[in-house]
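Enquirer: Any chance you can model this:
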Amino acid sequence: MNEMNETLKTILSRKSVKKFKGEQVGKDLIDQIVQAGLAAPSGLNKQSPIILVVTDKQVRDELSQLNAGKDPFGRTDPFYGAPCVLVVLADKSVPTYVYDGSLVMENMLLAAHALGLGACWIHRAKETFESETGKAILKKLGVEGDYEGIGNCIVGYADMTPQEKPRKEHRVYYI
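Expert: Below you'll find the model as predicted:
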């Protein structure tokens, strides 16, 4: 039997991490994850997504608080203690912006796993950056245009071993 390709191993072994050690991830690793995100394909190569790299604890906590206010599960820290949040937003003037941003998120999740880090996609970036506080953060950074939050990629050193979850069957139909 052929040995499985490393890329396929990474894809098939990636799991969401929801508990992190407090230690910050080094800039070199974060930069690699961001570069993987920016390498994602995009409709008509418009490259509509942007990434906010949030490692400042005060801003990270502010984003967590904004996100928690929209959390239907009532979590006080929907970022699960992750010290780094990579926020993906995309230019709404591009027809494929949601898909483009989703591809950036997936590339970053896979890159984090490949680098031995834990990561998880946290929703409600859209709601966070529709708020006045979210808009003010973008303005302060000099981000201009009509951007929509696509997702929050939380990243850090895992403080748990994610468990294998059952996969639904009958999701592929051959023609």
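
Enquirer: So in terms of bridging, what pairs with Phe20?
Expert: Each beta-bridge partner of Phe20 is listed here: Ala158, as defined by DSSP bridges.

Enquirer: which ones are touching it?
Expert: Residues touching Phe20, when contacts are defined by Cβ atoms under 8 Å, 6 or more residues apart in numbering, comprise Tyr80, Gly81, Ala82, Pro83, Gly118, Ile154, Gly156, Tyr157, Ala158, Asp159. To be clear about C-beta, it is placed using only N, CA and C from the backbone, and glycine gets the same treatment.

Enquirer: so what's the last one scoring on pLDDT?
Expert: The pLDDT attached to Asp159 in the predicted structure is 96.

Enquirer: quick one on the thing from earlier: turn the contacts of Phe20 into JSON lines, columns for neighbour count and distance to Gly43.
Expert: As requested, those are arranged in JSON lines below (neighbours: other Cβ atoms under 10 Å; distance: Cβ to Cβ, whole Å):
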{"residue": "Tyr80", "neighbour count": "19", "distance to Gly43": "32"}
{"residue": "Gly81", "neighbour count": "14", "distance to Gly43": "35"}
{"residue": "Ala82", "neighbour count": "31", "distance to Gly43": "29"}
{"residue": "Pro83", "neighbour count": "19", "distance to Gly43": "33"}
{"residue": "Gly118", "neighbour count": "26", "distance to Gly43": "30"}
{"residue": "Ile154", "neighbour count": "29", "distance to Gly43": "26"}
{"residue": "Gly156", "neighbour count": "25", "distance to Gly43": "31"}
{"residue": "Tyr157", "neighbour count": "17", "distance to Gly43": "34"}
{"residue": "Ala158", "neighbour count": "20", "distance to Gly43": "33"}
{"residue": "Asp159", "neighbour count": "15", "distance to Gly43": "37"}
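
Enquirer: Pipe the residues you listed into CSV and attach distance to Leu63 per row.
Expert: Formatted as CSV, those follow (distance: Cβ to Cβ, whole Å):
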residue, distance to Leu63
Tyr80, 13
Gly81, 14
Ala82, 11
Pro83, 12
Gly118, 18
Ile154, 10
Gly156, 15
Tyr157, 20
Ala158, 21
Asp159, 20
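
Enquirer: in the protein, which segments are predicted with low confidence?
Expert: 1-2 (pLDDT under 70).

Enquirer: Where is the longest strand in the protein?
Expert: strand 147-156 (DSSP state E).

Enquirer: Check which helices and strands the biggest helix by length in the chain sits against.
Expert: Counting by DSSP state H, the longest helix found in the chain is helix 97-114. Helix 97-114 sits against helix 6-13, helix 27-38, strand 49-54, strand 84-91, strand 118-122, strand 147-156, with contacts defined as 3 or more Cβ pairs under 8 Å, 6 or more residues apart in numbering; DSSP states H and E.
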